[in-house]
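Trainee: Sequence and predicted model, in that order:
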Amino acid sequence: MTDGGIERLYRDEFGRILATLIRLIGDFELAEDVAQEAFAAAIEQWPREGAPQNPRAWIIGAARHKAIDRMRRDARFAGRIGEILAFEENQRSEAVAIDDSSVPDDRLRLIFTCCHPALATEAQVALALRTLCGLTTDEIARAFLTPAATMAQRLVRAQRKIRAARIPYEIPPAEALAERLAAAMAVIYLVFNEGYAASRGDTLVRADLCAEAIRLGRLIVELMPAEREAHGLLALMLLHDARRAARVDRAGDLILLEEQNRGLWDRARIAEGLGELAAAGGADASGPYAIQAAIAAVHMRAARAEHTEWRAIVALYRRLLNIAPSAVVELNLAAALAMAEGPAAGLALIEDLTARGELRDYYLLWATRAELLRRLGRWPEAIESYGAALGLVGGAAERRFLERRLADARTHLARSTNQN
């Protein structure tokens, strides 16, 4: 296996590997350290000796050996010799498989561990993104609009608090589920979002993360079937994921929603999503995930882009803004208003957001502003906003799209200048 193959393994499997190691070792910091060491060993050995038949199992096994060595040397574990001996015995026992396929819910256990109420909400979500998605500290810091050094300190503190408080690595009993549900659903949706629009790499979509988030969403629904918002979250993910095949072309370039081939949308996914939306309350849904799912459903029900009921979408975004106010929701409302009433109406809201500075580091604010200015023929301002968006965007597919839009805007400006 080449270095590129190991990099893909790291990207696709790190979360599963780390979840398993945390279950086996019981220590976040140690599990992450030995996982990194095992991957470093793979980079050194596999090109020379050949890749193992089961690369993930090799990484887990190598990391476990390294964990035992570290536990024997590290003073932190001096009082836990019994645990170390038991861990070594399990290492030898065939009852504990190196491959983690026999424990399908390690990630769900990890989510509920990260979402313990003893941790601050932001720390819960950040820690879950680090462990579940394998996002770097820098990437998580950008998502929270926080300096990387500050985020690194928060992650370390959260890991140490879990260890010091002996927070169990488990799905909590029914009476404790409710207090962790909101944070757990937030984590699952953020995992889905990282898959839906990857913050790094050459591809827009990470299907593995989308599939994993949907799997976890189904498990949450099974655990708490009476929770309407759990159904709403699952509906939202299913309806978005149904458009996956139409969102990029063969070259991997982004295709806007209104330009997508709706024949490529996954009808089975849509039907399942609409069923979950009905369980969440349908048109009367009151939770933020369910309302967002209802917005997605409006798009799904339109046979052609021009048939989209944009006024219904505007009304749903206004309802969402009332119950879950945020600058991002305002931005989405502005985009919908531009489709319902014209670009000037949407741009007025965006200019207010821009003046407030709340989303100044969010590339979609500048990209949306640029699109509306483009539709109004205000080319110099559009060019400026496309440039601002390009300075903030992370994904390669979005970058290529913005570069094409910027080049097109420059061409239009040159033509209008020549005509004058």
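Mentor: Good, I have the coordinates. Numbers count the residues shown, from 1 in each chain.
Trainee: Helices of the stretch 201-350 of the chain, start to end?
Mentor: Assigned by DSSP state H, counting those that start in this stretch, the helices in the stretch 201-350 of the chain fall at 207-223, 228-241, 267-279, 288-301, 310-323, 327-341, 343-356.
Trainee: Report the buried residues of the shortest one.
Mentor: To tie it back to what came earlier, the one meant is helix 267-279. Residues 269, 270, 272, 273, 274, 276, 277, 279 are the ones in helix 267-279 that count as buried (16 or more other Cβ atoms under 10 Å). Just so you know, the C-beta spots here come from the backbone N, C-alpha and C atoms, and that holds for glycine as well.
Trainee: where's it relative to the chain centroid, distance-wise?
Mentor: Here the centre of helix 267-279 is set off from its chain's centre by 21 Å, with Cα atoms, centre = their mean, to the nearest Å.
Trainee: If you tally nearby residues, what's the number for the closest residue to residue 148 other than its chain neighbours?
Mentor: Counting by Cβ to Cβ, 6 or more residues apart in numbering, residue 141 is the residue found nearest to residue 148 once chain neighbours are left out, at 4.3 Å. Using other Cβ atoms under 10 Å, residue 141 is surrounded by 20 other residues.
Trainee: so who does residue 141 touch?
Mentor: By Cβ atoms under 8 Å, 6 or more residues apart in numbering, residue 141 lies in contact with 147, 148, 150, 151, 152.
Trainee: Throw those residues into a markdown table and include distance to residue 330, neighbour count and pLDDT, thanks.
Mentor: Output for the contacts of residue 141, formatted as a markdown table (distance: Cβ to Cβ, whole Å; neighbours: other Cβ atoms under 10 Å; pLDDT from 0 to 100):
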| residue | distance to residue 330 | neighbour count | pLDDT |
| --- | --- | --- | --- |
| 147 | 25 | 11 | 82 |
| 148 | 27 | 14 | 83 |
| 150 | 26 | 12 | 90 |
| 151 | 25 | 23 | 89 |
| 152 | 31 | 16 | 88 |
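Trainee: Among those, which lie within strands?
Mentor: Taking DSSP state E, every one of the contacts of residue 141 sits outside strands.
Trainee: Which pLDDT value belongs to the nearest residue in space to residue 258 that is not next to it in sequence?
Mentor: Excluding the flanking residues, the one nearest residue 258 by Cβ to Cβ, 6+ apart is residue 305, at 4.0 Å. For residue 305, the model assigns a pLDDT of 95.
Trainee: Could you do residue 377 as well?
Mentor: At residue 377, the pLDDT value in this model is 96.
Trainee: Could you name the helices and strands sitting against the helix or strand hosting residue 61?
Mentor: If you go by DSSP states H and E, residue 61 is part of helix 55-73. Contact partners of helix 55-73 among helices and strands, from 3 or more Cβ pairs under 8 Å, 6 or more residues apart in numbering; DSSP states H and E: helix 3-25, helix 28-49, helix 81-92.
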